[in-house]
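Peer 1: quick one: sequence plus predicted model below, questions after.
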Amino acid sequence: AQSVTQPDIHITVSEGASLELRCNYSYGATPYLFWYVQSPGQGLQLLLKYFSGDTLVQGIKGFEAEFKRSQSSFNLRKPSVHWSDAAEYFCAVGALGNNDMRFGAGTRLTVKP
Amino acid sequence: NAGVTQTPKFQVLKTGQSMTLQCAQDMNHEYMSWYRQDPGMGLRLIHYSVGAGITDQGEVPNGYNVSRSTTEDFPLRLLSAAPSQTSVYFCASIERGPSGESAEAFFGQGTRLTVV
């Protein structure tokens, strides 16, 4: 089955600074990749997804992610972080013909004023 | 639009008690799943269903049962609760893309379960 690793448990950035959250996946074929955000006490909301085509995908709230097959990575980026971006972020991988979706352990983002 | 509705939001159980977590979706998705979320471990798949009458085990199925009698409902049963089952539980309803891939997961608000 596919799997996901998020190497950073917790990241702190200053408001207005750029952000990159790392995600590495393991899967033998072309993966379907997702980033979700979870605000405290809430469910998960989809930020963006990659299925095929352009390897740079745009999502909601100004986020983007780049699929790099050679590095098995799908890192999430934002040029300028806002205080409201403080949350937990999950990378997930799905696969064609495999109906489950596997999640990473999550990265908690703290935004300093 | 209701999306995915989970009940209850909070529950405290004594060790050995049983209970059912309810999940309902109104998006007519065939695929539904249950996850548990524990600190530092992300979301781990408990059970999933690819349609009414069809269920299968995920990564951590022990101690849990599921059934899927209708497309809309996918309840999760704890047969004899243990402290190790203290967790936050999420139900997800997954939209499938044109090629059968998992296109997007829609989550309920979660159930915070404490077993004492």
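Peer 2: Cool, got the structure. Residues are numbered from 1 along each chain as shown, chains lettered A, B, ... in the order given.

Peer 1: tally of neighbours for residue A:74?
Peer 2: Using other CB atoms under 10 Å in any protein chain shown, residue A:74 has 28 neighbouring residues. Just so you know, the C-beta spots here come from the backbone N, C-alpha and C atoms, and that holds for glycine as well.

Peer 1: quick one, what contacts it?
Peer 2: Going by CB atoms under 8 Å, 6 or more residues apart in numbering or on different chains, residue A:74 touches A:23-25, A:33, A:35, A:50, A:65-68, A:91.

Peer 1: give the bridge partners for the residue most central in space within chain B, please.
Peer 2: The centre of chain B sits closest to residue B:34, judged by CA atoms, centre = their mean, with a distance of 2.5 Å. Beta-bridge partners recorded for residue B:34 (DSSP bridges): residue B:47, residue B:91.

Peer 1: about what we covered before: could I get the contacts of residue A:74 as JSON lines with secondary structure and distance to chain B?
Peer 2: Formatted as JSON lines, the contacts of residue A:74 follow (DSSP: H, G, I helix; E, B strand; the rest coil; distance: CB to the nearest CB, whole Å):
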{"residue": "A:23", "secondary structure": "coil", "distance to chain B": "11"}
{"residue": "A:24", "secondary structure": "strand", "distance to chain B": "14"}
{"residue": "A:25", "secondary structure": "strand", "distance to chain B": "13"}
{"residue": "A:33", "secondary structure": "strand", "distance to chain B": "11"}
{"residue": "A:35", "secondary structure": "strand", "distance to chain B": "12"}
{"residue": "A:50", "secondary structure": "strand", "distance to chain B": "11"}
{"residue": "A:65", "secondary structure": "strand", "distance to chain B": "15"}
{"residue": "A:66", "secondary structure": "strand", "distance to chain B": "20"}
{"residue": "A:67", "secondary structure": "strand", "distance to chain B": "15"}
{"residue": "A:68", "secondary structure": "strand", "distance to chain B": "20"}
{"residue": "A:91", "secondary structure": "strand", "distance to chain B": "9"}
